[in-house]
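Q: give me a 3D structure for the following:
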Amino acid sequence: MKKSRFSEAEIFKIIKANENGLKVTEITRQYGVSSATFYHWRSKYGGMDLAMIKKMKELEDENRRLKKMYAEACMDREILQEVIEKKL
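A: Have a look, this model is predicted:
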């Protein structure tokens with residue numbers, strides 16, 4: 001997954017700027033993000049505080065790692081099944 005240019009704290013600050021009354025066009029111009037990116041962040045992180053955003057990022061990373069481990073285990077199982085079938 002592509003690493004974001006912005007940290008969790010910066011994303012939180014950008015969203016809070018909008019909640020404090022700044023217009024989206026001003027925010028996107030000031031921080032150099034597209035309006036689509038801003039709206040995506042707002043839908044994903046809106047209503048969260050900084051600690052919640054960091055925890056969610058950690059959980060997403062752990063979930064990605066566990067999915068990779070599961071896929072590798074399934075591949076190993078399939079390879080072993082093929083070896084067993086060839087021996088019989």
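Q: from the contact counts, what lies against the host helix or strand of residue 84?
A: Element membership of residue 84 [criterion: DSSP states H and E] is helix 50-87. For helix 50-87, the elements it packs on are helix 8-19, judged by 3 or more C-beta pairs under 8 Å, 6 or more residues apart in numbering; DSSP states H and E. Glycine gets a C-beta too; all of them are placed from N, C-alpha and C.
Q: ok, residue 9 - contacts?
A: Contact analysis of residue 9 by C-beta atoms under 8 Å, 6 or more residues apart in numbering lists residue 50.
Q: okay, it: pLDDT?
A: For residue 9, the model assigns a pLDDT of 89.
Q: likewise for the one 5 residues further on?
A: The confidence metric pLDDT takes the value 93 at residue 14.
Q: which non-adjacent residue is nearest it?
A: Closest residue to residue 14 apart from its sequence neighbours, by C-beta to C-beta, 6 or more residues apart in numbering: residue 31 at 5.6 Å.
Q: I figured that neighbour hits residue 18, correct?
A: No - if you go by C-beta atoms under 8 Å, residue 31 and residue 18 don't touch, sitting 10.8 Å apart.
Q: so which bits of stretch 39-54 are buried?
A: 41, 42, 45, 48, 53 (16 or more other C-beta atoms under 10 Å).
Q: run a quick neighbour tally on the closest residue to the fourth one other than its chain neighbours.
A: Counting by C-beta to C-beta, 6+ apart, the nearest residue to residue 48 once its immediate chain neighbours are dropped is residue 56, at 7.3 Å. Look at residue 56: counted by other C-beta atoms under 10 Å, it has 14 neighbours.
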